[in-house]
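Asks: Take this sequence and fold it.
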Amino acid sequence: MGSQAAIYETNNMISQDEFSLFDPQKTRASVLPDKPGNYIIVLRSTSSLPIKVQISTTPILTSFQHKKEKYNVVYVGKSSKSLRIRDYKQHFTGTAGNSTIRKSLGCLLGFKLIPRDINSPQNGKTTFDEFDERTLTEWMKDNLLLFYYANNDYANVEKELIRTYNPPLNLQGNFNKTNLDFRKELSTLRSCTSAKQAPIPNNQLKLNAYPQQMQCSNCGINLTIDEGLKNEEYIKCLSCGCIIQNPIYIQNKKNKERRQWIAVLIFLVVVIIFNISSREYSTSSKGNNRIENYGSNKGPSQTKAMAGVRVYLKRHYLKDPDSYEGISWEAFGIYNKDNNTYFALHKYRAKNSYGGYVVEEKLFVLDSDGNVIKVVDDMNEVINGY
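Replies: Just a heads-up that it's a prediction; the model follows:
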């Protein structure tokens, strides 16, 4: 059977027209059926596999024809429960820790694998850091299309899809001799990268005593990042050709964010001191001893504000409310005098949507009763709002 021949599902012939197109750039995920079935992931007509690491073999791609258009197949799969969740949410917006194709594409892009489970880093489960995952998601949406077919015989259909299209990123159940060397190299890349890099919590390079001196963790050669490359997000090892994140750039980015938070905290402290001074001046000038929580505005007590933030986090914000752990309350004060809103700056620890723990610090805007009405993520919004 040729690469453009029909696909068989048990004894019934399935035309390629049975598959429907899903474009992640144009189509909402809700159009994907919440049913079991199969999917084919292809390259857009102007795209190619992102091989930015040393692999000696170039894979041979088989085309899939849909309405007179031909697309090169890179991966096929099945979903036993929901094409919507498996196809889009897990592959296109998930993480490499739960998606084979994401892990393969990320390794081909030169991304570094890190432990997926913070509490069990030695279990061998790996993923990419948050920045690389976002970059990978953008690349997939820009370069890949998906065809889906809802059916209940997905296991047999998947076997036939692998046999017919020989997708190079399908490493299991693919016995085609064509692309065998590529699949072996990709498997080695995935396993070697995991073993070599999983214990390392920072980027593709290890920092030495001097900030400009780096060691490529792929080939081990010492590299020097000169002044002209410090602002480049990615650099290339001149020995092995591996594309890697520039740790100087990442560190500068973190330092910038840290300085921004410090500036915000200083600003909030100044605002609080100003409010207290204004309140004391107003109290003394009027000859009375009335003391209020937020300057001359009646706001919620700190206890009520803290309770309001906790209720909001657990009922409306966190994916796993039981994982919430409060760390610190940095500041309280007036957010906007004109509409009598107040703020509480809170740092906490909780699980994200992928089950890993993250530490976040957010500014919560409250009304006079202590109810959260807004969460500010961008600290520039706080500064510019005054």
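
Asks: tell me the mean pLDDT over the top helix by length along the chain?
Replies: As assigned by DSSP state H, the longest helix anywhere in the chain is helix 247-286. Regarding helix 247-286, the rounded mean pLDDT is 74.

Asks: need the next SSE after that helix, C-terminal direction.
Replies: helix 302-312 (DSSP states H and E).

Asks: That following helix - contacts with which helices or strands?
Replies: strand 325-336, strand 341-351, strand 357-366, strand 372-376 (3 or more Cβ pairs under 8 Å, 6 or more residues apart in numbering; DSSP states H and E). For glycine as for every other residue, the C-beta is placed from the backbone atoms N, C-alpha and C.

Asks: Flag every buried residue along that helix.
Replies: Buried residues in helix 302-312, defined by neighbour count with 16 or more other Cβ atoms under 10 Å: 304, 305, 306, 308, 309, 310, 312.

Asks: care to break this protein down by domain?
Replies: Per automatic domain parsing, the structural domains of the chain span 7-197, 215-245, 253-385.

Asks: ranking the ones you listed by burial, who's on top?
Replies: Ranked by mean neighbour count, the domains of the chain are led by domain 7-197 with a mean of 18 (mean count of other Cβ atoms under 10 Å).

Asks: what are the ranges of the helices in the chain?
Replies: Under DSSP H, the chain gives helices at 83, 100-108, 130-143, 154-165, 180-197, 247-286, 302-312, 379-385.

Asks: With distance to residue 349 as extra columns, can I get those helices in TSV?
Replies: Listed next are the helices of the chain as TSV, based on distance: least, Cβ to Cβ, whole Å:
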stretch	distance to residue 349
helix 83	34
helix 100-108	26
helix 130-143	16
helix 154-165	39
helix 180-197	25
helix 247-286	17
helix 302-312	13
helix 379-385	20
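
Asks: between these, which one is nearest to residue 24?
Replies: helix 130-143 (4.4 Å; Cβ to Cβ).

Asks: picking that back up, for the buried residues of helix 302-312, give me CSV that also has pLDDT and distance to residue 254.
Replies: Listed next are those as CSV, based on pLDDT from 0 to 100; distance: Cβ to Cβ, whole Å:
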residue, pLDDT, distance to residue 254
304, 89, 35
305, 89, 29
306, 91, 29
308, 91, 31
309, 92, 26
310, 92, 28
312, 93, 28
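
Asks: Make TSV out of these and add distance to residue 247.
Replies: Compiled in TSV, the buried residues of helix 302-312 are given as follows (distance: Cβ to Cβ, whole Å):
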residue	distance to residue 247
304	44
305	39
306	38
308	40
309	35
310	37
312	37
